[in-house]
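Participant: quick one, what's the 3D model for this:
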Amino acid sequence: MRRTHSCGALRASDIDQTITLCGWVHHRRDHGGVIFIDLRDREGVTQVTFDGAVCSAEVHAQADRLRNEWVIEITGTVASRGDNVNPNLATGEIEVFATSLTILNQAQTPPFELDEHAKVGEEVRLRHRYLDLRRPVIQSRFLLRHRATKIIRDYFDQRGFLDIETPILCKSTPEGARDYLVPSRVHPGAFYALPQSPQLFKQLLMVGGFDRYMQIARCFRDEDLRAERQPEFTQIDIEMSFVDMDDVMAEAEGMIRSLWQEVLGVDIGPVQRMPYAEAMLRYGSDKPDLRYGMEIHELSDWAPTSGFVVFQRGVEDGGICRGFNAKGAAEALSRRQLDFLDKEFVRDYGAKGLAWIKVGNGEWQGPAARNISPEARAELAQRLDVSDGDVLFFSAGPKRVVEATLGAVRVHLGTEMLGLAQPGDWRFLWVHSAPMFEWDDEARRFVSVHHPFTSPYADNLEILTSDPGACLSQSYDLVLNGVELGGGSIRIHRPEVQEQVFRALGIGETEAEEKFGFLLDALRYGAPPHGGLAFGLDRIIMQMAGTDSIRDVIAFPKTQKASDAMSEAPGPVSDAQLKELHLLSTARND
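Facilitator: Predicted structure coming up:
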């Protein structure tokens, strides 16, 4: 080892020792011939002093040449900083008086400052990601990620889970998103698919008798990107045999509890459970943020006699009417903000507008207020617990639109306009028993809400084919502060039930055998009851690190356009490579 210590290791107990450090020049200061260097590595920063009274003239001259991000090695003696202690550094009680200096590598002036407070655009940072990764604030996230993955593996090892890898080159199967396809050179015209998840393989491991499986698995999905999505991401994947929903949730919750306790020192307490239907009613979302109130209330029975034609027609046309009370928000919300919600914000969710009422000094103000009869107003005041200073919000129309609209308005108010969501307030929630299927208007058929291998409740088997939309699944998602950390389900282990589900999805016998024949065969050879769950590791670390994008916790992430700004992937390939893979590029021909 060239160095005796890291740049974050030295303390007052090391005073008078001769040590060697290596690292990057973080800052350089010249105070009248005495040169100070903040030397940085991943463990921290140490102040190094080049004093002409201590070091040779040659070493001092070399130190005078140093610039930020040069890579150096120094040897010197640890000394006390006396009254000049830096409380912001772990090494702030000491400095090192250098007696030798080796310049290991010079550096050009970086395109941006590596100071953690410097504001740098994401595009520039990702283009020079190798520099961005040097920033202490970025490195701290990956130290956290490393520690978290170790705790996760240790937890499952102690619980009897086996860490087993599954294939990266798989067969393309419909699992919700588009597959990334890999052409086969050996089998002309045939393609592998990169796994969207290890779903089928972990079920086969249960059929194989492994009982408890886990993997920190790489997954790939070709889908539109947003803050919590990437083309390639990492899952904490588990599967268990001879279990029910409570068993799987208990194991997963135990892992989360250990993670928050050991990394953040936080006891998350008991985790609330809520049926999907209740979450959609109370919060307009299957991943509700519980850090603030503003629960949504069903008002469809009140709307027909409200006196407001918009509410009346919304229900008469087969829709619903719902609303919620933003307690005490009247002073915080301006007319301009309310008009933005009404005329702009809700349009993205299919609503034509948002009805609102401000309550103050006993008066109800707003476009909807003048249309509501006194009797209806009195009933509404009781049902929504209305008092002076409140703002009421309503939506009426198709159920899906009303839920999406009020759910989004509630979140925007809580996180953006009213600032009710506080960091460090950890509100976990299990949302369970989602519908098995939802209707796809474009495809004119039912599609799986989770995936085709999710088991219905036993008492729903009779309506699988007669009324698929009414079937509920044995599913469960863990939500934290409005972000879905992961989810899973009890799987189908009987082949005849799996075939019924395929039929409900419009997957015929021939297509089922072609795409899932190996799974159906496995189920016919004695599959145990089993279930599992997958957490998004990137999302968990994002939450723990207090960032709002998983790109912040992935070493080499893709941009919003699914490209690597640093390596410029994806990129073109030669005609010779395409020919070897028996491919023609229609994009190139155009």
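
Participant: near Gln312, how many other residues are there?
Facilitator: Neighbour count of Gln312, defined by other C-beta atoms under 10 Å: 17. For the C-beta atoms, the positions are set from N, CA and C on the backbone; glycine is no exception.

Participant: I meant to write Met274 there.
Facilitator: Using other C-beta under 10 Å: Met274 sits among 19 other residues.

Participant: SS state for it?
Facilitator: Under DSSP: H, G, I helix; E, B strand; the rest coil, the three-state class of Met274 is strand.

Participant: got a list of what it touches?
Facilitator: Contact analysis of Met274 by C-beta atoms under 8 Å, 6 or more residues apart in numbering lists Arg282, Pro288, Leu429, Trp430, Val431, His432.

Participant: name the element the fourth one belongs to?
Facilitator: When elements are defined using DSSP states H and E, Trp430 is found to belong to strand 428-432.

Participant: what strands line up against whichever helix or strand comes after that strand, and which way round?
Facilitator: Toward the C-terminus, strand 428-432 is succeeded by strand 437-440 as the next helix or strand (DSSP H and E). Looking at strand 437-440 with DSSP bridges, its partner strands are strand 445-448 (antiparallel).

Participant: angle of the helix or strand that the strand it pairs with is followed by against strand 428-432?
Facilitator: Once strand 445-448 ends, the next helix or strand along the chain (criterion: DSSP H and E) is strand 475-480. With axes from the mean of the first three to the mean of the last three C-alpha atoms, to 10 degrees applied, the angle from strand 475-480 to strand 428-432 works out at 160 degrees.

Participant: packing partners of the helix or strand that strand 475-480 is followed by?
Facilitator: Under the assignment DSSP H and E, the closest C-terminal helix or strand after strand 475-480 is strand 483-490. Here strand 483-490 touches strand 232-241, helix 245-259, strand 475-480, strand 530-536, helix 537-545, going by 3 or more C-beta pairs under 8 Å, 6 or more residues apart in numbering; DSSP states H and E.

Participant: using CSV, write down the CA coordinates of the helix or strand just after strand 483-490.
Facilitator: The first helix or strand that comes after strand 483-490 along the chain, using DSSP H and E, is helix 495-504. Output of helix 495-504 as CSV, limited to C-alpha atoms (Å, rounded to 0.1, in the frame of the first residue of the first chain):
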residue,chain,number,x,y,z
PRO,A,495,-52.1,-25.4,-14.0
GLU,A,496,-55.8,-25.3,-14.5
VAL,A,497,-56.1,-22.0,-12.7
GLN,A,498,-53.2,-20.6,-14.7
GLU,A,499,-55.0,-21.6,-17.9
GLN,A,500,-58.2,-19.9,-16.7
VAL,A,501,-56.3,-16.7,-16.1
PHE,A,502,-54.7,-16.9,-19.6
ARG,A,503,-58.2,-17.3,-21.1
ALA,A,504,-59.5,-14.2,-19.1
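
Participant: ok, Met566 to Leu169 distance?
Facilitator: 26 Å (C-beta to C-beta, to the nearest Å).

Participant: who has more neighbours out of these two?
Facilitator: Between Met566 and Leu169, counting by other C-beta under 10 Å, Met566 is the more crowded of the two (17 against 11).

Participant: wait, the more buried one touches Phe556, no?
Facilitator: Yes. With contact defined as C-beta atoms under 8 Å, Met566 counts as touching Phe556 (7.0 Å).

Participant: and for the two, which residues touch both?
Facilitator: In contact with both Met566 and Phe556: Arg129, using C-beta under 8 Å, 6+ apart.

Participant: contacting residues for Phe324?
Facilitator: Met294, Glu295, Ile296, His297, Leu384, Leu392, Phe393, Leu406, Arg410.

Participant: out of these, which is most surrounded?
Facilitator: Highest neighbour count within these, by other C-beta under 10 Å: Phe393, with 28 neighbours.

Participant: so what sits opposite that one in the bridge?
Facilitator: Phe324, Trp356.

Participant: of the contacts of Phe324, which belong to helices?
Facilitator: Per DSSP state H, helices hold the following members of the contacts of Phe324: Leu406, Arg410.

Participant: please produce a markdown table containing the contacts of Phe324, extended by distance to Thr454.
Facilitator: Formatted as a markdown table, those follow (distance: C-beta to C-beta, whole Å):
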| residue | distance to Thr454 |
| --- | --- |
| Met294 | 31 |
| Glu295 | 28 |
| Ile296 | 27 |
| His297 | 31 |
| Leu384 | 36 |
| Leu392 | 38 |
| Phe393 | 34 |
| Leu406 | 27 |
| Arg410 | 28 |
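
Participant: name the element the closest residue to Arg65 other than its chain neighbours belongs to?
Facilitator: Closest residue to Arg65 apart from its sequence neighbours, by C-beta to C-beta, 6 or more residues apart in numbering: Ile103 at 7.7 Å. Ile103 belongs to strand 94-105 when assigned by DSSP H and E.
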